[in-house]
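Trainee: could you work out the structure for the sequence below:
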Amino acid sequence: MDVVLTVFALLFLIFVGLGAYATVKAVRATKRGVDRTIAQARRTVEDHTLRAKSVAQPGPAGEIARLRLALRTSMRATQDALHAGVAEDESLKESLGLFERLSVHGHDLDADLKRLETEPDRATLAARLPELRARTERITQSADSLRWAVRDRARRFSDDDLDHLSAQIDIEADALRHWTRTEPGQTSSHWPDAPDAPADGPATGQARSEEAGAHATARPAPDAIAGTSWRPTVPWQKKPRPESTT
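Mentor: As a prediction, the model looks like this:
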């Protein structure tokens, strides 16, 4: 009896532990989903704000907003392309590592640009704009180059797979139409058409006579035999009566 109670107690503890673990996992997953949604909403609002500032504010302030918007757009597009490609192509892990190193410089530049948005000294801001613009162009060009390389690689793989698939389909289509081709050494099962009989006429008879004469000339003449008793029979002549043996 004690053993049965012990087993039930252990099972109860196991079920309670599994339930608590599942609850914690569900809460963490929900929290990550909420954090991801909040971060995405915050990025969307910030992007719209930067787009509005780049259009509405003239001078260095508007240029700073345009630089931040270009930087964030390029880096986010490259990040999405790499994360989507690495799930199918393991060789992109090295490219993802390079992008993470580039992201460090991108975050530093975005932080500098964000601080300069509230800079009251317009002269200092205008003096730093060329250097900030050059940094932004270097980072965005690197990100764009990496993103387009990933896309070109994916398109090349897709083209190669399509070529291989087309070749396999052509082979299968030929195999399905096996009756349309004749195997080597196989004769057709159809009977040949009989040659048309030439119409008899003077020209045909003459051609046959000439052909017979040619064959007769080509063959050697047979040995002469004794005179034959055959004589042509004229229709109006009576048949010779046989001699009586009596």
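
Trainee: show me what contacts D159?
Mentor: Neighbour list for D159: empty [criterion: C-beta atoms under 8 Å, 6 or more residues apart in numbering]. All C-beta atoms are positioned from the backbone trio N, CA, C, and that covers glycine.

Trainee: cool, S142 as well?
Mentor: L102.

Trainee: where does this protein dip in pLDDT?
Mentor: 1, 31-32, 34-36, 39-40, 42-43, 45, 47, 56, 181-246 (pLDDT under 70).

Trainee: all helices for it, in order.
Mentor: 2-56, 59-86, 93-116, 122-176, 202-218 (DSSP state H).

Trainee: which of those sits most buried?
Mentor: With neighbours taken as mean count of other C-beta atoms under 10 Å, the helices of the chain reach their highest mean count in helix 59-86, at a mean of 18.

Trainee: helix 122-176 and that one, what's the angle between them?
Mentor: Interaxial angle of helix 59-86 relative to helix 122-176 (axes from the mean of the first three to the mean of the last three C-alpha atoms, to 10 degrees): 30 degrees.

Trainee: elements contacting helix 59-86?
Mentor: Applying 3 or more C-beta pairs under 8 Å, 6 or more residues apart in numbering; DSSP states H and E, one finds that helix 59-86 makes contact with helix 2-56, helix 93-116, helix 122-176.

Trainee: could you dump those helices to a markdown table with distance to L69?
Mentor: Shown next, in a markdown table, are these (distance: least, C-beta to C-beta, whole Å):
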| stretch | distance to L69 |
| --- | --- |
| helix 2-56 | 4 |
| helix 93-116 | 10 |
| helix 122-176 | 10 |
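
Trainee: how about those helices, which one is nearest S74?
Mentor: Across these, S74 has its closest neighbour in helix 122-176 (4.2 Å, C-beta to C-beta).

Trainee: tilt between the closest one and helix 93-116?
Mentor: Counting by the same axes, to 10 degrees, helix 122-176 lies at 150 degrees to helix 93-116.

Trainee: isn't V86 right up against E94?
Mentor: No. Counting by C-beta atoms under 8 Å, V86 sits too far from E94 to count as a contact (9.9 Å).

Trainee: of all the helices and strands packed on helix 59-86, which lies closest to T78?
Mentor: For T78, the closest of these is helix 122-176, at 4.1 Å, according to C-beta to C-beta.

Trainee: for I14, give its distance to K25.
Mentor: 16 Å (C-beta to C-beta, to the nearest Å).

Trainee: er, T118 actually
Mentor: Separation of T118 from K25 (C-beta to C-beta): 42 Å.

Trainee: ok, and the closest non-adjacent residue to R128?
Mentor: Leaving aside its sequence neighbours, R128 sits nearest to L116 (C-beta to C-beta, 6 or more residues apart in numbering; 7.1 Å).

Trainee: got the contact list for that neighbour?
Mentor: Neighbouring residues of L116 by C-beta under 8 Å, 6+ apart: 64, 125, 128, 132.
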